[in-house]
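Visitor: here you go, sequence then predicted model.
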Amino acid sequence: MEDTIRSGRHDLNLASRKAEEAAWRRFEATQWLDSLVGPLGISTQPSEREFISCLGNGLVLCNAINKIQPGSIPKVVESNAPSQFLTWDSQPLPAYQYFENVRNFLVAVEELKLPTFEASDLERDNLEVGSSAKVVDCILALRGYHDWKQLSGGNGFFKPPRSPLVMHSANRVHSRASEAIFSDTCQQSDMSKACDDIPLTESGVQKHEDLIAKAIVECMIDRKENIDNNLIASFRSGNLDLGKLFGNIMSTCLEEQLQNKFPELKSIFKDLLGGGSSLAHPISPPPLEPLENLSIRNPKCCRACLKKGSCNHWYLFQVQEKELSNLKELLSRTKREFKDLQSQLQSDLKHLGSRVQEMSTAALGYHKVVKQNRDLYNMVQDLKGNIRVYCRIRPAFSAEARNVIDFIGEDGSLVVLDPLKPQKDGRKVFQFNHVFGQTATQDEIFKDTQPVIRSVMDGYNVCIFAYGQTGSGKTHTMVSKLEIRSCTSENGLSIPDASMHYVESTNDVLSLMKRGDLNRVGKDVSGSILRDCLHLVDLAGSERVEKSNTLKFAQRVSTVELGVSHMNKESSEVIELKQQIESLKKALANKEARTVQPTKPKEPRSPFEKPPHAMTERTPPHSRRLSIENSNKTEMKRAINSDPVQIKPSETVSNLLPSEAVLVQKYTQFQDPEAATKPYGHVTNGVSMIDIYCQRAPRSPILQPKTPEPPKLVRNEVHIMMHGESNFSTEPRTPGLTSNANGKGSHIRKSLRTIGKLITGSEKRNQQKKVEASPVNGMRKIHDARSPVLSNASPLTGVVQTSDRRSSLGGKSTDSCTNETRNSKTPPPVHISAKATNQWM
Ligand SMILES: Nc1ncnc2c1ncn2[C@@H]1O[C@H](COP(=O)(O)OP(=O)(O)OP(=O)(O)O)[C@@H](O)[C@H]1O
């Protein structure tokens, strides 16, 4: 009895579970149809009757399959009533009308190899409990097909889900096989899943599957002890995938026995192991989708999924595999390229090194050649002579002016005619380096001067000074060496050949200045320094044209020999030693100064100033226009002390040359018309004036014609440019100048010596520091000294160009007069700027 009751309960439970399962499946089918073809008009959990009645006319089913597989049923028989008025309990159409729909649907489903049902299953009259199950299975299979199609795009093979009953049966067989394989070896791998996922491709899938299961079970049970444990170990460690494991087992266990027993399995195994295809629908992996379109739908899929491509892991795996191979290729390519670049770099560096080597060799050669060139060039300059005298004739300003130029030779000869004298006596011949006629242009003049400018660059001191009568063109010749155009509103000061540079910051300006500085002062490769000076001296005019130099003076100047010139090249060691000497000298001077205690405060005196009692002997202030030759030397000194020469800083042109400062200055001369007969009276006052400086600097090195060069005497190159005029009037020469060559030469040498002193550097600079209130600062120009003769007849002017290459000619000449020697009637000195004085000194 109890058994009966228990059995009854069991049956009841079973029936209840089956009913629940059937209801659940109906619900799923209804839901899906509802979402696919629109509202069915039944509840979401329909009864069997309700469900069958809804599908009875075949309309819903036809529409559904047409949506999944468009065109599957070309002609669907529609109901006469509007669909919205149709309900599941509406009067059915005549059987012949809807039968066609259901038939067409079943044909279409069959074509898709999906589970079907009988048309009678949709008849409400024949409805039995559970008879809708096949219809539900068909609809859910259709849903699976729909899902698969959406996922794969219709490529590949769709495996329809099996009914729960069939699945249960298969699982039982598979689990038996799994147990058979792994039970003895305690292997827990999911063989059942693998087998479950083996793709079956024909309508006889079930048959094959059963056959395989049976074969495996039989074979494994028989040969389980023969399974190679190594295979299992490899599988567990991941070195062997499931497919290979299966293949190996098959090959070892089934090869002979099983294949003899079941020859038809041979081709199936071959397919399963990837060896070929006897299947009706071979497995071909769907094309790769973009990664972002992929999603993992079944995270529990196994390796077999990858193998057969039934889930997205397959695509992901393929994508990643592809990416990995791309990356590997990229890596190897990059490595290759890197290697290539490395070798290219090596060869480039090698090439560069050899080029640098070549360039340095060439640079050394270049320096050598440049040095040779410079030496040869300056040798030529030396051969030409250290003193060069040029004569330039100014054009006449008035038509009435007498023309005294008789002949100008190419070789520098000049014949001057005195119209007042008989023809024979009236001709005077002079010889210069070159004579520039009235039509000579500035360019021609400068061209001849260019070589000495280059000497400046090579380390030689050069002095160019203009000498001649007032108005004869000294300034015109000297000052026009560069055209500095006036300021324009746009660019400011305009200098020809100067370049403009755009600056944006202070640093830009500083770096430009640094560049300019480097150009201005340069060291050669050995570290030696070239020091040189270019002095441009525009002397004041000579007013003694009726008495005296110009042409004769110039001619004699050219006969002076100054010895060999030397480049002012100081090696670094010499520079260092000189600095030491300087500092020692300073220290000594300081020490001496401390030991001497002055009795009373006194203004600084120059080394040449006279004691106080000498002031009484000085010439009164009226002698501002003093001739240096009008009295004895004492008088001359007095005159100079009271009326010092003014140095007029006319222009400083620092941008002409990249050497030291280039100075253009103009002297005012002293003159005395009464002094024509005095010794040296014929000499131009400006030069005579300088001669006085020389007398006041007894310690200056003596320069004698044709005497050996003193040790310290370097090269002194003097260029004298004489300025003459076509209406030049010759005057009787003083005996001193015309008859006594030695005496005249001596005088000229003295003059030049003084000029040398004036343009010499270090000694005078030191002296200047000692006598800051020295007469040089008080020099002034006298403007009222033009004689009527000079203003009518254009004077003969000498432009003396002195190139003094580190001359040691000069003495300490800057103290020509002091405050103490200037009496109260002397006009106050006109102080020039300290800068100008320093430049001059
Ligand atoms: N070669 C020349 N061609 C044209 N004009 C000239 C020439 N030489 C001089 N002059 C003119 O003669 C005038 C006087 O020249 P400059 O002032 O140069 O003479 P200077 O010798 O310097 O006179 P000073 O002794 O008074 O200083 C100027 O107007 C100048 O332009």
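Guide: Done, it's in. Numbers count the residues shown, from 1 in each chain.
Visitor: what's the first helix or strand after the longest helix seen in the chain?
Guide: Counting by DSSP state H, the longest helix found in the chain is helix 312-384. Next along the chain after helix 312-384, taking DSSP states H and E as the criterion, comes strand 387-394.
Visitor: sorry, back to before: just checking, what packs against the longest helix of the chain?
Guide: On a contact count with 3 or more CB pairs under 8 Å, 6 or more residues apart in numbering; DSSP states H and E, helix 312-384 meets helix 303-308, helix 442-457. For every residue, glycine as well, the C-beta is placed using N, CA and C.
Visitor: what's the most buried one of the ones you listed?
Guide: Most buried of those, by mean neighbour count (mean count of other CB atoms under 10 Å): helix 303-308, with a mean of 20.
Visitor: quick one: mean pLDDT over that one.
Guide: Mean per-residue pLDDT for helix 303-308: 52.
Visitor: next: stretch 560-580.
Guide: Rounded mean pLDDT across stretch 560-580 is 73.
Visitor: check stretch 66-83 too.
Guide: 76.
Visitor: in that stretch, what's buried?
Guide: Residues of stretch 66-83 classed as buried: 66, 68-69, 72-73, 76-77 (neighbour count, 16 or more other CB atoms under 10 Å).
Visitor: and stretch 99-117, by the same measure?
Guide: Of all the residues in stretch 99-117, those buried under the rule 16+ other CB under 10 Å are 99-102, 104-106, 108-109, 112-117.
Visitor: out of those, flag the one nearest to the ligand.
Guide: Leu112 (118.7 Å; CB to the nearest ligand atom).
Visitor: shouldn't the closest one be in contact with Leu106?
Guide: No: look at Leu112 against Leu106 with CB atoms under 8 Å: they stay out of range, at 10.8 Å.
Visitor: and the buried residues of stretch 99-117, which two are furthest apart?
Guide: Greatest spatial distance among these (CB to CB): Phe99 and Lys113, at 23.1 Å.
Visitor: got phi/psi on Val102?
Guide: Taking degrees, to the nearest 10, you get phi -60, psi -40 for the backbone angles of Val102.
Visitor: that one and Leu122 touch, don't they?
Guide: Yes: using CB under 8 Å, Val102 is in contact with Leu122, at 5.9 Å.
Visitor: joint contacts of these two?
Guide: Residues within reach of Val102 and of Leu122 at once, by CB atoms under 8 Å, 6 or more residues apart in numbering, are Gly58.
Visitor: which helix or strand in the protein has the lowest average pLDDT?
Guide: Using mean pLDDT, DSSP states H and E, the weakest-scoring helix or strand in the chain turns out to be helix 685-695, at a mean of 27.
Visitor: for Lys339, grab the count of nearby residues.
Guide: By the measure other CB atoms under 10 Å, the count of residues near Lys339 is 10.
Visitor: now do the contacts for Gly412.
Guide: Neighbouring residues of Gly412 by CB under 8 Å, 6+ apart: 391, 431-435.
Visitor: swap the cut-off to 10 Å and go again
Guide: Counting by CB atoms under 10 Å, 6 or more residues apart in numbering, Gly412 touches 388-391, 430-435, 558.
Visitor: grab the two from those that are most spread out in space.
Guide: Farthest apart among the contacts of Gly412 by CB to CB are Arg388 and Phe430. That separation is 14.4 Å.
Visitor: could you pick out the residues of the stretch 401-550 of the chain near the ligand for me?
Guide: When proximity is defined by CB under 6 Å from any ligand atom, the stretch 401-550 of the chain lies next to the ligand at 468, 470-476, 540-541.
Visitor: let's have those residues in a markdown table, adding secondary structure.
Guide: Formatted as a markdown table, these follow (DSSP: H, G, I helix; E, B strand; the rest coil):
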| residue | secondary structure |
| --- | --- |
| Gly468 | coil |
| Thr470 | coil |
| Gly471 | coil |
| Ser472 | coil |
| Gly473 | coil |
| Lys474 | helix |
| Thr475 | helix |
| His476 | helix |
| Ala540 | coil |
| Gly541 | coil |
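Visitor: would you mind measuring from the residue of the stretch 351-500 of the chain found nearest the ligand to Thr595?
Guide: Ranked by CB to the nearest ligand atom, the top residue of the stretch 351-500 of the chain for proximity to the ligand is Gly473, at 2.5 Å. Applying CB to CB, to the nearest Å, the value for Gly473 to Thr595 is 55 Å.
Visitor: quick one: which of those two has more around it?
Guide: It is Gly473, of Gly473 and Thr595, that has more neighbours when counted by other CB under 10 Å, with 23 against 6.
Visitor: Provide the backbone phi and psi angles at Val503.
Guide: phi -120, psi 150.
Visitor: was I right to think it contacts Arg515?
Guide: No: in this structure Val503 lies outside contact range of Arg515 using CB atoms under 10 Å: 11.8 Å.
Visitor: name the spans of the stretch 51-200 of the chain whose pLDDT lies under the cut-off.
Guide: 79-97, 124-130, 157, 159-200 (pLDDT under 70).
Visitor: ok, Asp532 touching Cys463?
Guide: No: counting by CB under 10 Å, Cys463 is not a contact partner of Asp532; they are 11.0 Å apart.
Visitor: which one of those two has more residues nearby?
Guide: Ranked by neighbour count (other CB under 10 Å), Asp532 and Cys463 place Cys463 first, with 29 against 21.
Visitor: helix or strand: which one has the more buried one?
Guide: Using DSSP H and E, Cys463 sits in strand 462-467.
Visitor: list the strands paired with that strand, with their directions.
Guide: strand 534-538 (parallel), strand 717-725 (parallel), strand 797-799 (antiparallel) (DSSP bridges).
Visitor: returning to what we had before: next, the angle helix 442-457 makes with the longest helix of the chain.
Guide: Relative orientation of helix 312-384 versus helix 442-457 (axes from the mean of the first three to the mean of the last three CA atoms, to 10 degrees): 100 degrees.
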